[in-house]
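Colleague: Sequence and predicted model, in that order:
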Amino acid sequence: MTGTLPAAGPLEDLVRLREDLHREPELGLHLPQTQAKVLAALDGLPLEITTGSGLSSVTAVLRGRGGEHGQGDPPVVLLRADMDALPLTEATGLPYASEFEGRAHACGHDLHTAMLVGAARLLAEERNELAGDVIFMFQPGEEGHHGARLMIEEGVLEAAGPGRRPVAAYALHVASSILPAGLALTRKGPLLAGGDALRVTVRGRGGHDSQPHLLRDPVPAACEMVLALQTYASRGFDPFDPVLISVGSIHAGTSANIIPDEAELKIGIRTFGPGAKAQVLSGVTRVLEGVAAAHGVTVSVDHSMDYPVTVVDPAEADFAAETVEKTLGPGRLVWAPTPLSASEDFSFVLDEVPGAMLFLGACPPDRDLGTASFNHSPDAVFGSEVLGDGARLLADLAGRRLASAG
């Protein structure tokens, strides 16, 4: 099955929705304006819609022919889009740029949301041909707030009915550079890194800087911790199962002549396998405690963020690749030779349900792919030209997978 989104009408509606979302980005788990826009865009479709209690999520279920004709429990497929923005100030100069300081759709989630609305419209038109049901998962809080995990806890995987979990789950993610516009990318196995964040507090005893021998200065201890972690990352792990450790923030003190009581580090960790993840979390704590002991200070470690590795099921990767070729055309699928080091909380869904995530190139035609800014940059720009491709691909992933399962 392949629905059509013409150049006028429905596709114009998706472009308008994308631009409206882009103008008014919202952060975190509570996105009331975004939720309202999604509900308005879905209004009139034959969907069973619920909203989240602990977050501004939207879950919509489309019943296909299998659910209406008493044929037992038909299969279910889940399609997901994230809706939240990033806490940065946009610098694109677009006519529909963010109207808010410190909030911007610099990761393309506005496109993901519009694409999933488009997929819902396409599948609703062809619901009599669907061999099962589709769950549309509109998710807040992807950017560091574990929104997917919270939606799972609230029951999104059972939205089609008790015990009727999806046979497969799919998501798209646009890229503002690196990948040519219109090309899709995925791989079998680990696609994206597991992501962890640690907040480390080094506690000493502060006072006047003229008497350091009477104090326990946390600052040099914190500085040594930074260097020790880099050595640990480069020497403690198999180079073919790499670990990335970055100290993204270090803060201590208020004045040049005051030795502070505390110093704080914020540490980001990327891993590509469960073994390395478990090893690095225990190893980092051991390194930090060792340095602290040498300096006569103490250290506490708070595990503030935890994302699993995003693992694409090999069979679903093959199915997704075949669907890309059928829907978008030959030569539109690229196999990634290695995982990417970003993290994604669609990993929580793929930990529960076999499925695939694909990247879709969205570099605008008037920009040079080699110099265009990548996602999360204040001047990253994503072309609306890919909205139709994304909506069709999501719809066909669901429709074709239901047919194969039914």
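Modeller: Arrived safely, thanks for sending. Numbering: from 1, shown residues only.

Colleague: any chance you could map the helices in the stretch 251-400 of the chain?
Modeller: Using DSSP state H, counting those that start in this stretch, the helices of the stretch 251-400 of the chain run over 274-295, 314-327, 347-350, 387-405.

Colleague: And those: which comes nearest Tyr170?
Modeller: helix 387-405 (4.6 Å; C-beta to C-beta). Placement of C-beta: from N, CA and C, glycine included.

Colleague: Count the neighbours of Ser249 for me.
Modeller: Number of residues near Ser249 (other C-beta atoms under 10 Å) recorded here: 11.

Colleague: try Asp209
Modeller: By the criterion of other C-beta under 10 Å, Asp209 has 14 neighbours.

Colleague: That one and Ala256 touch, don't they?
Modeller: Yes. Asp209 is in contact with Ala256 according to C-beta atoms under 8 Å; the separation is 7.3 Å.

Colleague: in stretch 286-305, what's buried?
Modeller: Residues Val287, Leu288, Val291, Ala292, His295, Val297, Val299, Val301, Met305 are the ones in stretch 286-305 that count as buried (16 or more other C-beta atoms under 10 Å).

Colleague: Can you tell me the closest non-neighbouring residue to the last one?
Modeller: This points to Met305. Computed as C-beta to C-beta, 6 or more residues apart in numbering, the closest residue to Met305 that is not its neighbour in sequence is Ala197, at 3.5 Å.

Colleague: part of a helix, is the one you found?
Modeller: No. Counting by DSSP: H, G, I helix; E, B strand; the rest coil, Ala197 is located in no helix; its state is strand.

Colleague: Quick check, it in contact with Tyr307.
Modeller: No. The pair Ala197 / Tyr307 is not scored as a contact, 9.0 Å apart, by C-beta under 8 Å.

Colleague: who's more crowded, those two?
Modeller: Shown here are Ala197 and Tyr307; by other C-beta under 10 Å, Tyr307 has more neighbours (26 against 17).

Colleague: List the contacts of the more buried one.
Modeller: By C-beta atoms under 8 Å, 6 or more residues apart in numbering, Tyr307 lies in contact with His146, Gly194, Gly195, Asp196, Ser343, Glu344, Asp345, Ser347, Phe348.

Colleague: so who does the last one touch?
Modeller: For Phe348, the residues meeting the contact criterion (C-beta under 8 Å, 6+ apart) are His146, Ala148, Arg149, Ile152, Tyr307, Pro308.

Colleague: So it versus Pro87, what's the distance?
Modeller: Noted for Phe348: a distance of 22 Å to Pro87, by C-beta to C-beta, to the nearest Å.

Colleague: again, but for the third one
Modeller: Taken as C-beta to C-beta, the spacing of Gly195 relative to Pro87 amounts to 17 Å.

Colleague: Compare those two (neighbour count), which wins?
Modeller: Gly195 (24 against 14).

Colleague: What sits closest to the more buried one if chain neighbours are left out?
Modeller: Closest to Gly195 by C-beta to C-beta, 6+ apart is Ser343, at 3.0 Å.

Colleague: Same check on Leu86?
Modeller: Nearest one to Leu86, counting by C-beta to C-beta, 6+ apart, is Ala106 at 4.8 Å.

Colleague: try Val117
Modeller: Counting by C-beta to C-beta, 6+ apart, the residue nearest Val117 is Ala41, at 4.7 Å.

Colleague: So that neighbour is in contact with Arg16, correct?
Modeller: No. Ala41 is beyond contact range of Arg16, at 9.6 Å (criterion: C-beta under 8 Å).

Colleague: And those two? Which one has more around it.
Modeller: Remark: of Ala41 and Arg16, Ala41 carries more neighbours, 24 against 14, as counted by other C-beta under 10 Å.

Colleague: And the more buried one, how far from Glu99?
Modeller: 20 Å.

Colleague: now Cys363
Modeller: Distance from Cys363 to Glu99, by C-beta to C-beta: 24 Å.

Colleague: More neighbours: which of those two?
Modeller: Ranked by neighbour count (other C-beta under 10 Å), Cys363 and Glu99 place Cys363 first, with 28 against 11.

Colleague: residues contacting the nearest residue to Glu101 once chain neighbours are set aside?
Modeller: Leaving aside its chain neighbours, Glu101 sits nearest to Thr89 (5.5 Å; criterion: C-beta to C-beta, 6+ apart). Contacts for Thr89 were tallied using C-beta under 8 Å, 6+ apart; they are Ser98, Glu101, Gly102, Arg103, Ala104, Pro378.

Colleague: Three-state assignment for Thr89, please.
Modeller: Look at Thr89: counting by three-state DSSP, its state is coil.

Colleague: does Ala221 really touch Leu265, like I thought?
Modeller: No. Contact criterion C-beta under 8 Å: Ala221 and Leu265 do not qualify, at 10.3 Å.

Colleague: show me where the stretch 151-300 of the chain has strands.
Modeller: For the stretch 151-300 of the chain, the strands defined by DSSP state E, counting those that start in this stretch occupy 168-175, 184-186, 189-192, 194-203, 207-208, 243-252, 258-259, 262-271, 298-307.

Colleague: no wait, the stretch 1-150 of the chain
Modeller: Going by DSSP E, counting those that start in this stretch, the stretch 1-150 of the chain shows strands at 47-51, 58-62, 76-82, 133-139.
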